[in-house]
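> pasted the sequence and its predicted model underneath.
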Amino acid sequence: MSNPVVHFEIHASEPQRLIDFYSELLGWSFRQFGEMPYWLIVTGGEEASPGAPEVGINGGLTQRRGPRPEPGAPVSGSTVVVAVEDVDGTFARGLELGGTEAIAPNDMPGVGRLAYLVDPDGNVFGFLSPVLSDGTNAMG
């Protein structure tokens, strides 16, 4: 039996700033959970069940309980990697929206094209496409 990832969380010093960033960049939707400083994040279908194919996982965004990570500090927590169609376009749009480069887009033979950004609150996240820079599929 495997242990699939069924939920993720992003910590935010200014929640609305990250809600705007991820909504615009990746098309995610956010819904506040009661009166708490916590928002449910929908990346797949609203009724997506954990482990369902091709729907992704849903998560949450919560108020950070301490200082945000300092620039250049090691990653504190897990890194989310998002499937996208166009790594280079997503990377460029993320920079326009206030993100900064963590790792520029690059090809990984047998895996795909991968890049990492730092969101406006210092969280590192990645995105991946099976399409390499030359237009071929990394999976053959």
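Received, thanks.
> switch to C-alpha atoms for all contacts and neighbour counts from now on
Will do.
> do you know the pLDDT at Ser78?
Looking at Ser78, its pLDDT reads 73.
> could you identify the longest strand within the protein?
strand 100-108 (DSSP state E).
> which residues touch it?
87-88, 91, 94-95, 113-120, 124, 132-133, 138 (Cα atoms under 8 Å, 6 or more residues apart in numbering).
> and the biggest helix by length in the chain, how far out from the chain middle?
Secondary structure assigned by DSSP state H gives helix 15-26 as the longest helix of the chain. With Cα atoms, centre = their mean, to the nearest Å as the basis, helix 15-26 stands 10 Å off its chain's centre.
> what element comes up after that helix heading to the C-terminus?
strand 29-32 (DSSP states H and E).
> list the neighbouring strands of that next one plus their orientation.
Here strand 29-32 is paired, per DSSP bridges, with strand 38-42 (antiparallel).
> between helix 15-26 and the strand it pairs with, find me the angle.
When axes from the mean of the first three to the mean of the last three Cα atoms, to 10 degrees is applied, the directions of strand 38-42 and helix 15-26 differ by 10 degrees.
> how far is strand 38-42 from where the chain is centred?
Going by Cα atoms, centre = their mean, where strand 38-42 is centred and where its chain is centred differ by 13 Å.
> please state the mean pLDDT value computed over it.
Per-residue pLDDT values over strand 38-42 give a mean of 93.
> please enumerate the helices of this protein.
15-26, 87-96.
> mind listing what's buried in the shortest one?
Using 16 or more other Cα atoms under 10 Å as the burial criterion, the residues of helix 87-96 that qualify are Val87, Asp88, Thr90, Phe91, Ala92, Gly94, Leu95.
> among these, which one lies nearest to Tyr38?
Gly94 (23.1 Å; Cα to Cα).
> and the closest residue to the closest one other than its chain neighbours, how many neighbours does it have?
The shortest distance from Gly94 to any non-neighbouring residue, by Cα to Cα, 6 or more residues apart in numbering, is to Leu25 (6.2 Å). Look at Leu25: counted by other Cα atoms under 10 Å, it has 17 neighbours.
> what do you get for Arg113?
24.
> wait, what's in contact with it?
Contacts of Arg113 by Cα under 8 Å, 6+ apart are Val87, Pro105, Asn106, Asp107, Leu128, Ser129, Pro130, Val131, Leu132, Ser133.
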